[in-house]
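> Okay, sequence plus prediction incoming.
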Amino acid sequence: MSITRRKFLGWLGAATAGTTLGKTASAASNKHFSGYTQSMGVLFDNTRCIGCRKCEAGCNTVNELPAPDLPFDDLSLLETKRRTTAKAYTIVNRYDTVSNVNVKGPLYRKVQCNHCLEPACASACFVRAFTKTPKGAVIYDASVCVGCRYCMIACPFEIPTYEYDEALEPRVMKCTLCYPRIEKGLLPGCVQACPTEALTFGKRTDLLKIARQRISKFPDRYVDHIYGENEMGGTSWLYLSAVPFKEVGMREDLGYTPAPNLTSGALLGVPIVAGIWPVLLTGIYAMSKRKEKIANQETEQAVAVAVEQANAEAKAKYAKEMEQVQKFKEKEIENAVKKALEEAAKPKAEEASDTPPEEADKKPSEEDS
Amino acid sequence: MRKGRARLSWIGLILIVFTVSICLTGTGIYGAKGPSESAAQKRADIIHIDSMKAFGKLERPPVTFLHQKHTEALAKKNKDCTACHLVENNRLVPQYMRLKSTAKQEVMEIYHVNCIACHKETADGGPKSGPVVCGECHKDRPELVSIWQPIGMDKSLHYRHSKAQKEKCERCHHQYNEVTKKLYYAEGKEGTCRYCHQDITEENRISLRLASHLACIDCHSKTLAKFDDAGPITCSGCHDPAQQKLIERLKVVPRMKRNQPDTVFVRTSKSGIIDPKQATRMKMVPFSHKSHEEYNDTCRVCHHANLNACVQCHTLQGTKEGNQVTLDASMHRLNVNMSCLGCHELNQRDPKCAGCHAGIARARQQDPNACQACHMADVNQVAESIQYTQEKDLAARMLDSRIPVAHTFAESDIPENVEIKTLMNQYGPVKLPHRKIVQTLSGNIKDNQLVRYFHRDQNMLCQGCHHHSPAAKKPPSCASCHGRPFDERDPSKPGLMAAYHRQCMECHEAMGIEKPVATNCVACHQKKG
């Protein structure tokens, strides 16, 4: 039995409906995640930063990174806008701003991994090389990394970098929030090195309180916004600034939706296509196979019944015929007997002794039918 | 055949898209150009002629008109203001070539006919003249940058005017009689022009802009006709910041005569009667009106709406005319320059003061003792003094009784150098020139009357650094409070390293001290040897 065109289209329709309905149902059931409650973080206050690059040096030391081309106390590097590299997890850039009259000199921005509450890098990674730890750090496991660098594309802050210099087993490199140090109760390298506490380390919830306190205490020193409180669903690093954040090179177009939510819609299609479609199509195949099998069985059964019926009919016919034959024979015998008796009536004793052997021949033919 | 046509239409479509994109990019580049720094022409006389706005939406962009350029060009042709402005009641009318804006067509004609006629005439006589084609006047001129600054009458300028006018106040000051609908002079009721003449022209009063141009320029030009010396009559003369600086300022300005008190008790009731049984519970404030006049350039800094006593509008409960600002708020509100505390706090932003004060949260002073620096007079005592018309004397006496204290301790009591030896993992000790710092700070505020009254004792200055502990000659060391950083129990307190660095660096920044540079570690720290 073959699949008709109508049936095929019907199944296709069912499959499409299944895909779309499945997506909406999943999206509606997404649980709201507002971050680990014990998450640690760092608050960067650019009104306190003096641009000394001690944080860069501190980071370099504790992470045992290669020595930079120019020493850390060479501040001429601030003339150019830099970004993080595989050899520098954090860098400081300088911005000359004018919008806040209370700011007399330039402002600085420290760049490093923001340790998102719901990291884009982790959601883009299909081997789960990134983990958001309950302590707040987003850490990387080089042993499972396949080097696809999707994380680098996914990160809205352009943080992960790649060891392009390494011929063998290059790794994705980024700030770890000094996870091993935090676990030991130590401060992250950059925070420890900062001479002015422009970097404040603490529980993210406490940092938000501190930040709000600073804004309310010195309203003309800060813009009334804590960057990272909600950006990309919230980050473990938080920022206070004297000027609008875009003036110090920070993106203000990111929105408050966590990265995984932005991609979950499209990515939900992946398990559906990869998981549900094979099952569905196999199912459809199995169903058609089963139908064929059932049809075959039914035919066989019908044939068997028909054969049986034919057999029974034939038997009955045969039996009838045999009966008739027997009756005929009996009649013949009777006639013969009569004749014989009539003949015997003429010659009595001679013909009466021939009848018993003929009766014995008739019995086996009855058993055969 | 059909296929060929389809292909042609596709090519056409692509061509259109291409052309449009080219055009768009072209305009984009053009738009992005803007005024380049070198080509920018800074002017104080830019007028945007948009008179037609009164008759509905503008059909063309407003004309960017350079007033002074025109007066200069006309002067060369021996023409004066009347070339463009009509005269009514012996005064120039500010509108161009008309007394009133009547109808759209009429006003438009006035501009078009007269402007173009003059431009044509000028062009016939000389090489340079104004445009005669629509789009050359009706266009944005981004190359022109306005540097226009408002100008106002300050104490010095006022005195120079009243002296020149031989104290004939009525030449400028007037009141409006609602019944006769005429201006009259009321002696002793003079006030700032802008009390009545505000931003826009209202029914019975013209806008400040109109009033000042009518009156000032009229008088200046008439004076100039008689004498050599008079006030400016050109745009830049008043509105160009560079020219404003050239206006003569008297160092010592005699007090204005407007029946203002020398010393007075700040009134808390509209009637001005001080009754010991009334609801006011605070002690009364003796106020030296005279010394506040000295520190301010204009009356309107405090008297922002009229020259009456504050309580006339700002009553204890607030009134509609006082915008519901209570007497308390009118005296104590921060971030405004017309309240007492607001203005005093603005003074703290002076770099000489900001070193200490920038780090102190801008909140109302909560120390109850601080209130008594102003609220010092018992109501009964004041009521009694008024009875015997001795209010002025009592207030003056009370103000004088606030003996200014020495700013700080005797030199011998101030440690000369302090060596900071904590946290020496990277560098050697820091030698802090302690006495030099104290002396610089006290020298800065030596002549500041405000400080002399409000820094109530010798410890006050020390508390800029030695803060949050009881004032004492020997305050506790920094390390006794500041220790390990990021203490969860006291998150707003910096650790010792940050406490030192921020105290020094933020003060230097606020005071505009450029050396030592904050990033030059070895300027303060000794190298570890």
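That came through, no problem. Numbers count the residues shown, from 1 in each chain, chains lettered A, B, ... in the order given.

> State the distance from the residue in the stretch 251-400 of chain B that chain A sits nearest to to residue A:197.
Going by Cβ to the nearest Cβ, chain A is nearest to residue B:361 of the stretch 251-400 of chain B, at 4.3 Å. C-betas here are computed from N, CA, C, even on glycine. Distance, residue B:361 to residue A:197, using Cβ to Cβ, to the nearest Å: 17 Å.

> Who has more neighbours out of these two?
Between residue B:361 and residue A:197, residue A:197 has the larger neighbour count (other Cβ atoms under 10 Å in any protein chain shown), namely 21 against 10.

> Not counting stretch B:397-414 itself, show me its contacts.
Stretch B:397-414 has contacts (Cβ atoms under 8 Å, 6 or more residues apart in numbering or on different chains) with B:263, B:286, B:288, B:373, B:376-377, B:434-435, B:438-439, B:441-442, B:445-446, B:451-453, B:455-458, B:461-462, B:473.

> Selection in ChimeraX covering whichever of those are buried, please.
Under the burial definition 16 or more other Cβ atoms under 10 Å in any protein chain shown, those of the contacts of stretch B:397-414 that qualify are selected in ChimeraX by:
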select /B:263,286,288,377,435,438,441,442,445,451,452,453,455,456,458,461,462
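
> Take the contacts of stretch B:397-414 and keep only those in strands.
In this view, those that belong to strands under DSSP state E are B:263, B:286, B:288.

> okay, those residues in CSV with pLDDT and distance to residue A:285 next?
Output for the ones in strands among the contacts of stretch B:397-414, formatted as CSV (pLDDT from 0 to 100; distance: Cβ to Cβ, whole Å):
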residue, pLDDT, distance to residue A:285
B:263, 92, 104
B:286, 93, 101
B:288, 93, 101
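
> what distance separates stretch B:157-164 from the centre of its chain?
22 Å (Cα atoms, centre = their mean, to the nearest Å).

> I'd like to know the average pLDDT value across it.
Mean pLDDT, stretch B:157-164: 92.

> what do you get for stretch A:153-165?
93.

> Could you check which residue of chain B lies nearest chain A?
Closest point on chain B to chain A, by Cβ to the nearest Cβ, is residue B:498, at 3.5 Å.

> OK, contacts around that residue?
Taking Cβ under 8 Å, 6+ apart, we find residue B:498 in contact with A:194-197, B:482, B:485.

> Closest one to residue B:64 out of the residues you listed, please.
Nearest to residue B:64, judged by Cβ to Cβ, of these is residue A:196 at 49.3 Å.

> OK, contacts around that closest one?
With contacts defined as Cβ under 8 Å, 6+ apart, residue A:196 is in contact with A:48-50, B:498, B:501-502, B:505.

> Repeat the analysis, applying 6 Å as the threshold.
A:48, B:498, B:501-502 (Cβ atoms under 6 Å, 6 or more residues apart in numbering or on different chains).

> Let me know the secondary structure of it.
Under DSSP: H, G, I helix; E, B strand; the rest coil, residue A:196 falls in the coil class.

> go on, the one 5 residues further on?
At residue A:201, secondary structure determined by three-state DSSP is strand.

> Can you give me the neighbour number for the residue nearest to it when sequence neighbours are not counted?
Counting by Cβ to Cβ, 6 or more residues apart in numbering or on different chains, residue A:201 lies nearest to residue A:191, which is 4.5 Å off, once chain neighbours are set aside. Residue A:191 is flanked by 25 other residues according to other Cβ under 10 Å.

> Residue A:191 contacts residue A:199, correct?
Yes - counting by Cβ atoms under 6 Å, residue A:191 does reach residue A:199; the two are 4.5 Å apart.

> Quickly list what's touching both of these two.
Joint contacts of residue A:191 and residue A:199 (Cβ under 6 Å, 6+ apart) are residue A:42.

> Please narrow the contacts of stretch B:397-414 to those residing in helices.
Those of those mapping onto helices are B:434-435, B:438-439, B:441-442, B:451-453, B:461-462, per DSSP state H.
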